[in-house]
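J.: Next one to model:
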Amino acid sequence: MKQAACLFEEISGLRVRESHTQETESEEEQQQAFPYLLRVRTNRTPNHLPVENARGRARPKPKPSRSEPTNNDSPGPSRAKNPRMRPNMIKLKSRERAKAKDMGEESLLSRRRSRSSFESLFTLGSMLGKGGCGAVYAAMRKSDGQQPGERSALPLEVALMQIVSRPPSCCYVLGLLDWFEEGERFILVLERPYPCMDLFDFIEELGGRVDECLARIIMIQVVLAVRHCRDRGVLHRDVKAENLLVQTDNLRVKLIDFGCGDLLRESSYRDYSGTEEYCPPEWVLSGVYQGRHATIWSLGVLLYGLVCGRLPFNKEADIIAGRLRFKKGLTKECKELINCCLQQDPTKRPVLEQILLHDWMADGLVI
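T.: Numbering: from 1, shown residues only. Predicted coordinates:
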């Protein structure tokens, strides 16, 4: 812990806050008692998040899908007053079941387990977080015994997480350990990094933005996580600060939440599932996009937000215009990488390997 604290101070120039001994012991005891994360998701995912999120901050209503009729009299999404407010989520694709035979992966066939099976294996702890489509709980496994069950098709999110969690796994992607289905919802049993928080809250505690050195360390890990997904044929489609966990004692970053994901394909996508402020201009203009190109765009938005303390675009007109206003003091290399990722022409954006070899990324330290 002392070594990690020194590393944190060296990277960001900030001091790790020391908590009271009793609080630390209590948190450590809770982690030991509940070493897993349980993500409870509804099988019928709503088209958008509620107008108010779990943290009580107002959220603009999302736009309807391009495939749905639009009421011209209805107001569009309003611009958030707080530029650091969590962005507006839009989910324009229903969470269909992914059948193993369509994916060509025998390993995607998994056991569907009942609630009785789940309760016999796990003890549920406290709620750690809640979103519009589910909640996350701490959990303790009662034993390591496995129970037989019927083989069935998988919910898409489960299938994608199984693909990216297969050995050799990636330390920058949160691992799926097990899953259960009960009625209208399914439960994902995930590894639990500790101590950790999501990147959005981590940045907030550091004053709303980070210096380039810390941003570089975060981005290297994010790019490696996305590259692992790409190599496994998975498109995450919602890479943003809220979907990244930071382990605060060693700055290890993990990509989470594949609820907006899909199988990666070479053909164009005609439905967008993700966060409005991160969607690429080609989707806004024509309603189609390539998964690889859209991923690079989202990485540019993420990096801009890390070093500037706000998102570059808050509405469709901003995305189309593509004008960037950088904070003073940023290096030429950092601004160059952001501009490359946020090219209006998707074919001119770099690939993941080019990002890793960029001058700004070259001096980074992977933890």
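J.: only C-alpha atoms for contact and neighbour calcs from this point on.
T.: Fine.
J.: Counting neighbours, which bits of stretch 308-316 end up buried?
T.: Neighbour counts over stretch 308-316 (16 or more other Cα atoms under 10 Å) mark 308-314, 316 as buried.
J.: Could you list the alpha-carbon positions for it in PDB?
T.: Taking Å, rounded to 0.1, in the frame of the first residue of the first chain, the C-alpha atoms of stretch 308-316 are listed here in PDB:
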ATOM      1  CA  CYS A 308      -9.900  19.200 -19.900                       C
ATOM      2  CA  GLY A 309     -12.400  18.400 -17.200                       C
ATOM      3  CA  ARG A 310     -15.500  18.400 -19.400                       C
ATOM      4  CA  LEU A 311     -16.800  16.600 -22.500                       C
ATOM      5  CA  PRO A 312     -16.000  18.100 -25.900                       C
ATOM      6  CA  PHE A 313     -19.600  17.900 -27.200                       C
ATOM      7  CA  ASN A 314     -22.900  18.300 -25.500                       C
ATOM      8  CA  LYS A 315     -25.300  18.200 -28.500                       C
ATOM      9  CA  GLU A 316     -25.500  17.000 -32.000                       C
END
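J.: do you know how far the residue lying closest to residue 314 once chain neighbours are set aside is from residue 226?
T.: Among residues not flanking residue 314 along the chain, residue 277 sits closest, at 5.7 Å (Cα to Cα, 6 or more residues apart in numbering). Counting by Cα to Cα, to the nearest Å, the gap from residue 277 to residue 226 is 19 Å.
J.: Just the closest of the buried residues of stretch 308-316 to residue 163, please.
T.: Of all the buried residues of stretch 308-316, residue 163 sits closest to residue 311, with 30.9 Å by Cα to Cα.
J.: Just the CA trace of the biggest helix by length in the chain, in CSV.
T.: In the chain, with assignment by DSSP state H, the single longest helix is helix 212-231. This file holds the C-alpha atoms of helix 212-231, laid out as CSV (Å, rounded to 0.1, in the frame of the first residue of the first chain):
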residue,chain,number,x,y,z
GLU,A,212,-1.4,14.3,-18.6
CYS,A,213,0.8,11.8,-16.7
LEU,A,214,-2.1,10.2,-14.9
ALA,A,215,-4.3,10.5,-18.0
ARG,A,216,-1.7,8.6,-20.0
ILE,A,217,-1.6,5.7,-17.5
ILE,A,218,-5.4,5.5,-17.6
MET,A,219,-5.6,5.6,-21.4
ILE,A,220,-3.0,3.0,-22.0
GLN,A,221,-5.0,0.5,-19.9
VAL,A,222,-8.3,1.5,-21.6
VAL,A,223,-6.8,1.0,-25.0
LEU,A,224,-5.4,-2.4,-24.1
ALA,A,225,-8.9,-3.4,-22.7
VAL,A,226,-10.6,-2.3,-25.9
ARG,A,227,-8.0,-4.0,-28.0
HIS,A,228,-8.6,-7.3,-26.1
CYS,A,229,-12.4,-6.9,-26.8
ARG,A,230,-11.7,-6.2,-30.5
ASP,A,231,-9.4,-9.3,-30.8
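J.: buried ones in that helix?
T.: By neighbour count on 16+ other Cα under 10 Å, the buried set for helix 212-231 is 212-230.
J.: Over to stretch 272-287?
T.: Quick answer for stretch 272-287 (16+ other Cα under 10 Å): 272-284, 287.
J.: I figured residue 307 hits residue 213, correct?
T.: No - using Cα atoms under 8 Å, residue 307 makes no contact with residue 213, being 9.7 Å away.
J.: Rounded mean pLDDT for stretch 167-175, please.
T.: The average pLDDT within stretch 167-175 is 96.
J.: Revised request: answer the last question for stretch 313-325.
T.: For stretch 313-325, the per-residue pLDDT averages 95.
J.: Give me the contacts around that stretch.
T.: With contacts defined as Cα atoms under 8 Å, 6 or more residues apart in numbering, stretch 313-325 is touched by 79-80, 276-278, 280-281, 284-285, 312, 342, 344.
J.: let's go with 7 Å and repeat that
T.: For stretch 313-325, contacts defined as Cα atoms under 7 Å, 6 or more residues apart in numbering pick out 79, 277, 281, 284, 312, 344.
J.: from those residues, which single one is nearest residue 363?
T.: residue 312 (25.1 Å).
J.: ok now do that closest one, which residues does it touch?
T.: For residue 312, counting by Cα under 7 Å, 6+ apart, the contacting residues are 301, 304, 324.
J.: Repeat that for residue 300.
T.: By Cα under 7 Å, 6+ apart, the neighbours of residue 300 are 338, 341-342.
J.: Compare those and tell me which has the most neighbours.
T.: residue 342 (29 neighbours; other Cα atoms under 10 Å).
J.: Am I right that that residue is in contact with residue 297?
T.: Yes - Residue 342 is within contact range of residue 297, at 5.3 Å (criterion: Cα atoms under 7 Å).
J.: Now residue 274: which helix or strand?
T.: strand 273-275 (DSSP states H and E).
J.: just checking, next helix/strand downstream of that strand?
T.: With DSSP H and E, the next secondary element past strand 273-275 is helix 281-286.
J.: Pull the residues that contact that following helix.
T.: 288-289, 316, 319-320, 344.
J.: Kindly reformat these as a markdown table containing distance to residue 198 and secondary structure.
T.: Below are the contacts of helix 281-286 laid out as a markdown table (distance: Cα to Cα, whole Å; DSSP: H, G, I helix; E, B strand; the rest coil):
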| residue | distance to residue 198 | secondary structure |
| --- | --- | --- |
| 288 | 30 | coil |
| 289 | 28 | strand |
| 316 | 26 | helix |
| 319 | 25 | helix |
| 320 | 29 | helix |
| 344 | 29 | coil |
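J.: Adding distance to residue 362 as columns, could you present these in a markdown table?
T.: Below are the contacts of helix 281-286 laid out as a markdown table (distance: Cα to Cα, whole Å):
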| residue | distance to residue 362 |
| --- | --- |
| 288 | 33 |
| 289 | 29 |
| 316 | 33 |
| 319 | 29 |
| 320 | 30 |
| 344 | 25 |
